[in-house]
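J.: Quick one, what's the 3D model for this:
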Amino acid sequence: MRTVGDFVKGKDNNLNLIRIIAALTVLMSHSFALSTGTPQAEPLRHSLGMTLGDMAVDIFFITSGFLIVKSLISRANIIDFIWARVLRVLPGLAVMLVVTVLGLGLYFTRFPVLSYLFHPETWIYLLKNTSLLAGAEFHLPGVFQANPIRGVVNGSLWTLPFEVSMYIVVAALWLCLYMLRLGPKYFKYIIVLLTFLAGVVKFTAYSLDMSSEFIRLFYMFFMGGSFYVLRNYIPLSRKLFWLAMIFLVASTPHQGIFFFVYNLILAYGLFYVAFVPAGVIRRYNSVGDYSYGIYIYAFPVQQTVAALLPGVGPWAMFALSFALTLPLAIFSWNVVEQHALNFRPFFSNTTRSLLEKLRPTPA
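T.: Have a look, this model is predicted:
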């Protein structure tokens, strides 16, 4: 029986397709909240205790954990790893923030232009969301104040500081083991251990009704990482996949049971779909990776639709927002993100040269 490890070489898989579907699922889920003014309107929130958007974010973090741990283990170079992460996240984000602040913000603000531009909240929004080290900022002065979800410019940004914190944990763990002269084997052991501990905390917190977004996303991220670490021991079986799906559907009448089943089998179902189905769906790999652009642009576009078309329904908002967001995502990938990644060798080599010059010379 073939394992996950048999499929991980190369990029001929369905991960890009899964990520863009997840990004569109977030867009669709948010359309209900942003058009009605209440997050309670998002599909599945009442029946399952989580929304389709929540599930999509979980999928993002599982795939991210898998790819990030794969990247670090295969590169075995922390400088290359750090620059790869910085150039994947920040350039596209920075351009989106400038477009939002100087485009949408200036158009929709109730403040005079100079008051808006020099307002502390404007610069806090720009700088805090660029750094992502102190959480996300959601408000620009006087913007979207009449919308059903009042004043929130880009609610999707809340996940990015968590994502960056996962990168920092992984990089710090690698560096600590390097300084202790311990090999990648110990890194792999700790990834699996962290997943187990996060799962224990997550399920215990749920039982005690003490939910935590950090624990939830930490568990998902490191579950993805563990699937890479244990890739040669995890079989991808059609029977196991459909058995897992049957258990998942059967658990939906009870939120508590669904929570446990969902968290235990989501990663397996995700990687089965990512690696096993082939054929015509693999053609999507010839298209760019638009998922990040859709994710970071969708929310402000949806708020724009809500501001320009008061009373717009959720499905109309979804259709209009998708039509407006996709070109922005295509622009982001082709003009910003893809080109930024090409600078990784330059920045990595420059960093290594600087560190070499700073290294003390032997007496």
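J.: next SSE after whichever helix or strand Glu163 is part of?
T.: Under the criterion DSSP states H and E, the helix or strand holding Glu163 is helix 159-179. Once the chain leaves helix 159-179, the next helix or strand it forms, by DSSP H and E, is helix 184-207.
J.: Now tell me what touches the helix or strand following that next one from outside.
T.: On the C-terminal side of helix 184-207, the closest following helix or strand by DSSP H and E is helix 213-229. Contact with helix 213-229 is made by 4, 8, 57-58, 61-70, 73, 159, 162-163, 165-166, 170, 188, 191-192, 194-195, 198-199, 201-202, 205, 234, 263, 266-267, 271, as judged by CB atoms under 8 Å, 6 or more residues apart in numbering. For the C-beta atoms, the positions are set from N, CA and C on the backbone; glycine is no exception.
J.: Ok, stretch 348-363 next?
T.: Contacts of stretch 348-363 (CB under 8 Å, 6+ apart): 77, 79-80, 83.
J.: who wins for most neighbours among these?
T.: For those, the largest number of neighbours (other CB atoms under 10 Å) sits with Trp83, at 21 neighbours.
J.: Would you quantify the distance from that residue to Phe7?
T.: In this structure, Trp83 and Phe7 are 27 Å apart, going by CB to CB, to the nearest Å.
J.: do Tyr206 as well
T.: 32 Å.
J.: I'd like to know which elements the one helix or strand Val249 maps to is packed against.
T.: In this assignment (DSSP H and E), Val249 forms part of helix 238-251. Under the contact criterion of 3 or more CB pairs under 8 Å, 6 or more residues apart in numbering; DSSP states H and E, helix 238-251 touches helix 255-275.
J.: Can you point out the buried residues in the helix it packs on?
T.: Of the residues in helix 255-275, those buried under the neighbour-count criterion (16 or more other CB atoms under 10 Å) are 258-259, 261-263, 265-275.
J.: And stretch 163-173, by the same measure?
T.: Under the neighbour-count rule (16+ other CB under 10 Å), stretch 163-173 has 163-167, 170-171, 173 buried.
J.: Please save the CA atoms from it in CSV.
T.: Once side chains and other backbone atoms are set aside, the C-alpha atoms of stretch 163-173 remain, and they are given as CSV (Å, rounded to 0.1, in the frame of the first residue of the first chain):
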residue,chain,number,x,y,z
GLU,A,163,0.7,31.6,11.0
VAL,A,164,3.9,33.7,11.6
SER,A,165,4.1,32.5,15.2
MET,A,166,4.1,28.9,14.0
TYR,A,167,7.0,29.8,11.6
ILE,A,168,8.9,31.3,14.6
VAL,A,169,8.3,28.2,16.8
VAL,A,170,9.6,25.9,14.1
ALA,A,171,12.6,28.1,13.3
ALA,A,172,13.4,28.5,17.0
LEU,A,173,13.2,24.8,17.6
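J.: which residues sit against that stretch?
T.: Where contact means CB under 8 Å, 6+ apart, the residues beyond stretch 163-173 that reach it are 61, 64-65, 68-69, 72, 78, 81-82, 85, 89, 132-133, 187, 190-191, 214, 217-218, 221-222, 225.
J.: residue ranges with poor pLDDT in the chain?
T.: Along the chain, segments meeting pLDDT under 70 span 360-363.
J.: now with 90?
T.: Per-residue confidence for the chain (pLDDT under 90) gives these ranges: 1-2, 6, 8-12, 38-49, 74-77, 132-135, 178-185, 205-212, 278-288, 352-363.
J.: Find the centremost residue of it, please.
T.: Taking CA atoms, centre = their mean as the criterion, Phe60 is the residue nearest the geometric centre of the chain, at 4.6 Å.
J.: which ones are touching that one?
T.: Neighbours of Phe60 in contact, by CB under 8 Å, 6+ apart: 19, 22, 159, 295.
J.: possible to save these as JSON lines with neighbour count and distance to Val229?
T.: Listed next are the contacts of Phe60 as JSON lines, based on neighbours: other CB atoms under 10 Å; distance: CB to CB, whole Å:
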{"residue": "Arg19", "neighbour count": "23", "distance to Val229": "21"}
{"residue": "Ala22", "neighbour count": "24", "distance to Val229": "23"}
{"residue": "Thr159", "neighbour count": "17", "distance to Val229": "23"}
{"residue": "Tyr295", "neighbour count": "27", "distance to Val229": "26"}
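J.: And those, which two are furthest apart?
T.: Taking every pair in the contacts of Phe60 and measuring CB to CB, the maximum separation is 13.3 Å, between Arg19 and Thr159.
J.: Which residue comes closest to Leu160 once chain neighbours are left out?
T.: Leu132 (5.3 Å; CB to CB, 6 or more residues apart in numbering).
J.: Val4 contacts Tyr272, correct?
T.: No - between Val4 and Tyr272 there is no contact under CB atoms under 8 Å: 9.0 Å.
J.: Mind listing the shared neighbours of these two?
T.: Shared contacts of Val4 and Tyr272, defined by CB under 8 Å, 6+ apart, comprise Leu236.
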